[in-house]
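Asks: build me a model from this:
(4 chains)
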Number of protein chains: 2
Amino acid sequence: MAMSQTLKAIADPVRRQILELLREKSYSAGDIASKFDLSQATVSYHLKLLKKADLIRERKEKNYIYYELNATVFEEVLTWIYSLGIGGHEND
Amino acid sequence: MAMSQTLKAIADPVRRQILELLREKSYSAGDIASKFDLSQATVSYHLKLLKKADLIRERKEKNYIYYELNATVFEEVLTWIYSLGIGGHEND
DNA sequence: ACTCTATTTAGATGAAAATCTAAATAGAAA
DNA sequence: TTTCTATTTAGATTTTCATCTAAATAGAGT
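Replies: Now for the predicted structure:
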């Protein structure tokens, strides 16, 4: 279940871009929303999915909510990919 | 685009199981379908998506179609995941 | 308490995904 | 060339997803 949730979360380009943004530093929901040509509500929906997948964590400060990346959850995905024999160049 | 296609393909548990099956050896479409409690047509649909994502390749032999894993396509995904800082144990 | 401001939640809509049954295709075998 | 067998394609249905607008919440500042 966790795998599907993680992978579905990152299968969407908007959500990947959010994670890429959060690579550098944390941003408030509003800051994140402003980077996209989408309604705040839509971005909030994407944030909710990322949060549910534990790919981001929130930290409340003043009346902002800051989101930050939690990439540890990728471990399982990496393990799975590597288990397929992967990923690299050894198939030549 | 390729990323989304790859990730959407593996976001589905049935398709992941198909890839896991193909880790060992190639199987015909019918053999694959028999492992699932789904109609042949449905499994064929999943195979089509995996093929479109280039995660599997087909080889025709007799009147069977054998599918085999192509994991090289994960490279891009791995690169992306690693670019996020991850995904190992270094966050302790 | 009232009013801003940041964000989420609710409810609706359209598009995409997963599934089924039935029909079509294509090749092997007879 | 007729019949089997393996597989896909078509078409219909149900569910899930991405999106919007409008309304609700919650906390800060006044």
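Asks: find the nearest non-adjacent residue to residue A:57, please.
Replies: Of all residues beyond its chain neighbours, the one nearest residue A:57 is residue A:70 (5.1 Å), with distances taken as C-beta to C-beta, 6 or more residues apart in numbering or on different chains. For the C-beta atoms, the positions are set from N, CA and C on the backbone; glycine is no exception.
Asks: what count of nearby residues applies to the one you found?
Replies: By other C-beta atoms under 10 Å in any protein chain shown, 19 other residues sit near residue A:70.
Asks: quick one: residues contacting it.
Replies: Contacts for residue A:70 (C-beta atoms under 8 Å, 6 or more residues apart in numbering or on different chains) come out as A:54-57.
Asks: can you check residue A:79 too?
Replies: Per C-beta under 8 Å, 6+ apart, neighbours of residue A:79: none.
Asks: tell me which helix or strand it sits in.
Replies: Per DSSP states H and E: residue A:79 is located in helix A:74-83.
Asks: output that helix in CSV with nothing but the alpha carbons.
Replies: Extracted C-alpha coordinates of helix A:74-83, given in CSV (Å, rounded to 0.1, in the frame of the first residue of the first chain):
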residue,chain,number,x,y,z
PHE,A,74,11.9,6.7,-1.2
GLU,A,75,14.0,4.0,0.3
GLU,A,76,11.3,1.4,-0.2
VAL,A,77,10.9,2.5,-3.9
LEU,A,78,14.6,2.3,-4.5
THR,A,79,14.8,-1.2,-2.9
TRP,A,80,12.0,-2.3,-5.1
ILE,A,81,13.6,-0.9,-8.3
TYR,A,82,16.9,-2.5,-7.5
SER,A,83,15.2,-5.8,-6.8
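Asks: what's the mean pLDDT across that helix?
Replies: For helix A:74-83, mean pLDDT is 96.
Asks: that helix to helix B:74-83, inter-axis angle?
Replies: Calculated by axes from the mean of the first three to the mean of the last three C-alpha atoms, to 10 degrees, helix A:74-83 forms an angle of 160 degrees with helix B:74-83.
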